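1. The following comprises the amino acid sequence and a computationally predicted model.
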Amino acid sequence: MSQNIECIAQWSGSRDSAAFDAVLPVGAHLVAERNGYEHHGIYVGNGQVIHYAGFCHRQRCGPVERISIGSFACGFAVTIQCDASPCYDGEEVARRAGSRLGERNYRLLTNNCEHFCSWCLFGECRSAQVEACLKSPIRAARTLFKLVLVALSAEWRTAQPPAQPV
């Protein structure tokens, strides 16, 4: 079950972290729906999210980092994933997330952003997205195709020369 976070577009440019803190509990498991996959992070207060950057920095694997919720959303809707019976309270979840800042061991199938959040909440690394793809080769192929298209599109946009004024 997930809960929509209202007005994320309005808040993403706001410097008022109290607006986020009034809605988001510290340690909340956040999910941003992206093109073909979900991106996961942990809300740590003051409008900040800790996440595994993974392929967010193009094709290079990024570290576990702290970013603004607006950067985490990246223009997409953000929801709170209501996990059943986390092993840790919100403050401990946030502390665990912070303990891995700077880590650079991203692996798409075994140590991605969802694995990271699962570890922060439950002490074990799991990814429902990876498990679903492994159970369904068709879904895996469709997801991989979408990700390749997104990556190629990003590369094409950055390779284009800037438009010259007329």
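-> Thanks, I have it.
2. Would you list the phi and psi of the closest residue to residue 130 other than its chain neighbours?
-> Computed as CB to CB, 6 or more residues apart in numbering, the closest residue to residue 130 that is not its neighbour in sequence is residue 109, at 5.6 Å. Yep, even glycine has a C-beta here, placed from its N, CA and C like the rest. Main-chain dihedrals, residue 109, degrees, to the nearest 10: phi -90, psi -20.
3. Distance of residue 109 relative to residue 90?
-> 29 Å (CB to CB, to the nearest Å).
4. Apart from its chain neighbours, what residue comes closest to residue 122?
-> Residue 122 sits nearest to residue 87 (CB to CB, 6+ apart), 5.2 Å away.
5. Tell me who's in contact with the one you found.
-> By CB atoms under 8 Å, 6 or more residues apart in numbering, residue 87 lies in contact with 121, 122, 123.
6. if we can go back for a sec, I figured the residue nearest to residue 130 was touching residue 129, is that so?
-> No. Using CB atoms under 8 Å, residue 109 makes no contact with residue 129, being 10.0 Å away.
7. Those two: which is more packed in?
-> Taking other CB atoms under 10 Å, residue 109 and residue 129 do not tie; residue 129 has more neighbours (18 against 10).
8. before we move on, what SS does the residue nearest to residue 122 have?
-> Of the three states, residue 87 takes coil under DSSP: H, G, I helix; E, B strand; the rest coil.
9. Show the model's pLDDT score for it.
-> pLDDT recorded at residue 87 is 96.
10. how far away is it from residue 96?
-> 10 Å.
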